[in-house]
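Asker: structure for the following, please:
(chains A and B)
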There are 2 protein chains.
Amino acid sequence: MTSIQKAACIGGGVIGGAWAARFLLGGIDVSMYDPHPEAKRIVGEVLANAERAYAMLTMAPLPPKGRLTFCGSVEEAVAGADWIQESVPERIDLKRNVITEIDRYADPEALIGSSTSGIMPTELQRDMQHPDRMFVAHPYNPVYLLPLAELVGGERTSAETLKRARDRLAPIGMKGVILKKEIEAFVGDRLLEAIWREGLWLIHDDICDTETLDDVIRYSFGMRWAQMGLFETYRIAGGEAGMRHFLAQFGPCLSWPWTKLTDVVDLDDALVDKIAAQSDAQSGARGIRELERIRDENLVGIMQALKAGDGGKGWGSGKVLADFEKRLWAKGGGRKEAPDISQPLRLVDTRVSAAWVDYNGHMTEHRYLQVFGDTSDALLRLIGVDFAYVEGGHSYYTVETHIRHLGEAKLGQGLYARLQVLGFDEKRIRYFTTIHDAQSDEVLATAEQLMLHVSAKAGKSSAAPAEILARLAPIADAHAKLPVPQGVGRSVGQKVV
Amino acid sequence: MTSIQKAACIGGGVIGGAWAARFLLGGIDVSMYDPHPEAKRIVGEVLANAERAYAMLTMAPLPPKGRLTFCGSVEEAVAGADWIQESVPERIDLKRNVITEIDRYADPEALIGSSTSGIMPTELQRDMQHPDRMFVAHPYNPVYLLPLAELVGGERTSAETLKRARDRLAPIGMKGVILKKEIEAFVGDRLLEAIWREGLWLIHDDICDTETLDDVIRYSFGMRWAQMGLFETYRIAGGEAGMRHFLAQFGPCLSWPWTKLTDVVDLDDALVDKIAAQSDAQSGARGIRELERIRDENLVGIMQALKAGDGGKGWGSGKVLADFEKRLWAKGGGRKEAPDISQPLRLVDTRVSAAWVDYNGHMTEHRYLQVFGDTSDALLRLIGVDFAYVEGGHSYYTVETHIRHLGEAKLGQGLYARLQVLGFDEKRIRYFTTIHDAQSDEVLATAEQLMLHVSAKAGKSSAAPAEILARLAPIADAHAKLPVPQGVGRSVGQKVV
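Answerer: Residues are numbered from 1 along each chain as shown, chains lettered A, B, ... in the order given. Okay, here's the model as predicted:
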């Protein structure tokens, strides 16, 4: 069993709250301890952001949300937890004391991760009784979307601990990356510090302002790095001659560095004022909440785009998302009890994401068909046509679709879809789906569709096996008792009778 | 007039070739001079990559491709050009001589940009007769996709020149960013050098390998930077308290930097061997061509995702793409002559992008509707329903669609769509679209659709104005003489007669 069963979050600021959101939306109960008087509000806001993002991120069936409990002490919070994440402020004495206290009360088998962005784990585990299970799990904001956790062991951390940690992060859609050695600031923050220090010089010396600097990054190498990082990008730059050629070309520059890295800029009042003023000019028209929302929508869009990468197998963070969804589908999501088949089946709940709207903010025509398609997929899983079945060489393909648009969906709007089976035989399923506004239940669009059971190898239709039909039959029988929905059997432009 | 009329590329390697591709696909004729014996092959390969990427990037009507001419001398190449881009190898004497020669033969009004990634423009313009129109336009690979050009003037460059250069880049989908002062390596390469130098230390010291380092970037801040860059990201990290708070928190770290930036790593044989071996282990299973293809598909996906950002207005590179497309639509693309209306109209040519396929590499169901929708849009533009018309408060909305799937489209496959008008009245247009394999002409899918003319303000259908109907009528009349296509008038599951 490589899933986290119960998590404890010690420290509930922006980072601790986002860890909690990651766990909760992954179906894991979370006990939180944070004496800060605003902790509940902060965690609640982060969780709301995360839920909004997840509704756009995936149509895969999320498990029932975990239960969040605020506790009165570290002892209470860690009781029964098998993953404990420390995210208290970045002071070595404070963190060490908290981790020592966690160690005292936690199950000896529990994994203890620290969110520190710079302190070496050896320093943090100094006073522990069971230091072998303590490590750094350094995440990146927003933790509920960005997959990375740098996993760093100290002198007394066992190698097994880091592998266990990595295995347990995958089911909640995270990518644990194990570093070979501990150093202060690990790998990510080393790179960030380098660029940050040089960036400060560029602003200090008036080479450009903060907006221009951001533009330089986001219109160029930022996009390269979102999908390949540094070395793979440069491998391409080396061309057929490869990495060695690139190094030979670029090597000489190192001996006469242009950067001002050897100096440390004085972050005095004048520089702070300059940066703050430039940042206000750049981003001040939008509040932090709005920027967060835009950031999350962008990140969702990037991950969805990369999910389609490498011929649909997924690339980078998109592959992490694809793997996360595969697990969710395999588990069948939160559907523990049999659905009520006496009514059209409510199979999809989603939200209109930024990637789905046109420049008027209305959901684009083809995204309706995407929701209809996701609803069809959900029906198929319900009757046993899952990943394994499809990989076995059989599936249902849509061969015919009739859509009516009756209303409009807007950015951020909640939607759900209901499906009624109209009829079936051994090869075909005919069904009718309605997309509703989640608040008013108004029907925004309908689709009548016909699916055909096919053998991918033979490349033609074939009879579905008995066990699939046996799952479909009771649904079809129940739905046959319902009235035929308005719009069924229509051709395009047919007069309404 | 702020468009480039004719471009000259002096130097046709990977960078010069990609500049040429940018110009050519933007409809601009290019004269190329490069004495390298392989220049034609290299430029041809880059152009093929670029065309493949553009076919996935946008459905907007690209102008007729510019004409590429290889010339025997600088003098011949620059004749008549109003933008001349120098992309010869990175040696100051060579670049200066080439730029001085360009200056001698070029029209005095022509803009002269250098692709140098580090040399200051003051150095390059030293021997010019008309140095005021010379500047650095430093692009990022792949130039045909990444929008950025850092625009840097030297001591003798006029401010007007930089603004003219920026204005002329926008119509070819590029984002010219003007720096306030020249420094060696400008802004982007300064930042890249900082992170590169620190990255080399991390590999040298065995903190991680190249794959882990790339993973750290692409699963975390790489995605943040692709859309917001450095300062706006940190502004969010500062929370409600803003940039000043972030600086106060982060400032102290500067006085005891963790990074090894103050040392210069010795890029000796041992380190080169280590990096080359790690890079082979990381990426060696794929050839450079395959990595380029994956990179381009990923970049296209990211830009398309960001195009939907900020409520559909577009964000970052996605906004640059949206603006580029808006210009293309406004110009109406390459359609100079009236289409042949005696046959169904061929209105869309495209290619199945990575974002369009499922994990089997087949085009996803709803992407067919996307192509049908793009074809409808093309018909509307043809009869005068363009951006201006829609912004004026009227449009046609699809109200009903009937789709049949007859074949399958795969990743990379070329597709085109033909549209036949079936009938219309003052409020409605009924039409039939077929999606074809570009090679075999086989019909892969058909759609019968009904559009309704609406007044957005009134929120209801309204009669289209006479001038729209007058453009539609001759098409409908001509198409009425064609046989009614098979499949018209069908309802779902209806037996084939």
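
Asker: please make it C-alpha for all contacts and neighbour counts, starting now.
Answerer: Fine.

Asker: where does the stretch 201-350 of chain A dip in pLDDT?
Answerer: A:250-265, A:332-337 (pLDDT under 70).

Asker: can you map out the helices along it?
Answerer: Counting by DSSP state H, counting those that start in this stretch, residue ranges of the helices within the stretch 201-350 of chain A are A:210-218, A:221-227, A:231-237, A:242-250, A:269-283, A:288-307, A:317-331.

Asker: so which of these is the most packed in?
Answerer: helix A:221-227 (a mean of 28; mean count of other CA atoms under 10 Å in any protein chain shown).

Asker: show me what it is packed against.
Answerer: Helices and strands touching helix A:221-227, by 3 or more CA pairs under 8 Å, 6 or more residues apart in numbering or on different chains; DSSP states H and E, are helix B:210-218, helix B:221-227, helix B:288-307.

Asker: can you rerun that using 6 Å?
Answerer: Contact here means 3 or more CA pairs under 6 Å, 6 or more residues apart in numbering or on different chains; DSSP states H and E; on that basis helix A:221-227 packs against helix B:210-218, helix B:221-227.

Asker: among these, which is nearest A:Ala445?
Answerer: helix B:221-227 (33.1 Å; CA to CA).

Asker: please write out the alpha-carbon positions of that closest one in CSV.
Answerer: The C-alpha coordinates for helix B:221-227 follow below in CSV (Å, rounded to 0.1, in the frame of the first residue of the first chain):
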residue,chain,number,x,y,z
PHE,B,221,8.9,27.4,-11.5
GLY,B,222,9.3,26.8,-15.2
MET,B,223,5.5,26.7,-15.4
ARG,B,224,5.2,29.8,-13.3
TRP,B,225,7.6,31.7,-15.6
ALA,B,226,6.0,30.6,-18.8
GLN,B,227,3.1,32.8,-17.9
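
Asker: centre of the chain to that helix, how far?
Answerer: Remark: helix B:221-227 is offset 18 Å from the chain centroid, using CA atoms, centre = their mean, to the nearest Å.

Asker: put together TSV for the helices and strands packed on helix A:221-227, with distance to B:Ala277 on each row.
Answerer: Formatted as TSV, the helices and strands packed on helix A:221-227 follow (distance: least, CA to CA, whole Å):
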stretch	distance to B:Ala277
helix B:210-218	9
helix B:221-227	24
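
Asker: re earlier: just send the helices of the stretch 201-350 of chain A back as CSV, with distance to B:Lys427 too.
Answerer: Compiled in CSV, the helices of the stretch 201-350 of chain A are given as follows (distance: least, CA to CA, whole Å):
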stretch, distance to B:Lys427
helix A:210-218, 45
helix A:221-227, 45
helix A:231-237, 53
helix A:242-250, 61
helix A:269-283, 44
helix A:288-307, 36
helix A:317-331, 44
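
Asker: hey, where'd the strands end up in the stretch 301-450 of chain A?
Answerer: Ranges of strands within the stretch 301-450 of chain A are A:345-351, A:394-405, A:414-424, A:428-437, A:443-455, based on DSSP state E, counting those that start in this stretch.

Asker: for chain B, which of those is the nearest?
Answerer: The closest of the strands of the stretch 301-450 of chain A to chain B is strand A:394-405. By CA to the nearest CA, the value is 4.3 Å.

Asker: how big is the angle separating that closest one from strand B:394-405?
Answerer: 160 degrees (axes from the mean of the first three to the mean of the last three CA atoms, to 10 degrees).

Asker: near chain B at all, strand A:394-405?
Answerer: Yes. Applying CA under 6 Å from any CA of the partner chain, one finds that strand A:394-405 is in contact with chain B at A:399-405.

Asker: how about stretch A:294-310?
Answerer: Yes. Against chain B, stretch A:294-310 shows contacts by CA under 6 Å from any CA at A:294, A:301-302, A:305, A:308-310.

Asker: and these as CSV, adding distance to A:His366?
Answerer: Shown next, in CSV, are the residues of stretch A:294-310 next to chain B (distance: CA to CA, whole Å):
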residue, distance to A:His366
A:Ile294, 23
A:Gly301, 16
A:Ile302, 19
A:Ala305, 16
A:Ala308, 17
A:Gly309, 20
A:Asp310, 23
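
Asker: quick check: the farthest pair among these?
Answerer: Going by CA to CA, the pair spanning the residues of stretch A:294-310 next to chain B furthest: A:Ile294 and A:Asp310, at 26.4 Å.

Asker: just the pLDDT at the most centrally placed residue in chain A, thanks.
Answerer: Here the mean C-alpha position of chain A is nearest to the C-alpha of A:Leu145 (CA atoms, centre = their mean), at a distance of 4.2 Å. A:Leu145 carries a pLDDT value of 94.

Asker: can you point out the buried residues in stretch A:472-487?
Answerer: In terms of neighbour count (16 or more other CA atoms under 10 Å in any protein chain shown), stretch A:472-487 has its buried residues at A:472-473, A:475-479, A:487.

Asker: quick check, nearest of those to chain B?
Answerer: For these, the nearest to chain B is A:Gly487 (10.3 Å; CA to the nearest CA).

Asker: can you give me phi and psi for the closest one?
Answerer: phi 100, psi -20 (degrees, to the nearest 10).

Asker: which regions of the stretch 1-150 of chain A lie under the pLDDT threshold?
Answerer: A:1.

Asker: now the strands for it?
Answerer: A:6-10, A:29-33, A:68-70, A:83-86, A:111-114, A:134-139, A:148-153.

Asker: against B:Ser376, how distant is A:Trp83?
Answerer: Computed as CA to CA, to the nearest Å, the A:Trp83 to B:Ser376 distance reads 54 Å.

Asker: next one: A:Glu426
Answerer: For A:Glu426 relative to B:Ser376 (CA to CA), the value is 36 Å.

Asker: those two: which has the busier surroundings?
Answerer: When neighbours are counted by other CA atoms under 10 Å in any protein chain shown, A:Glu426 and B:Ser376 differ, and B:Ser376 comes out ahead with 23 against 14.
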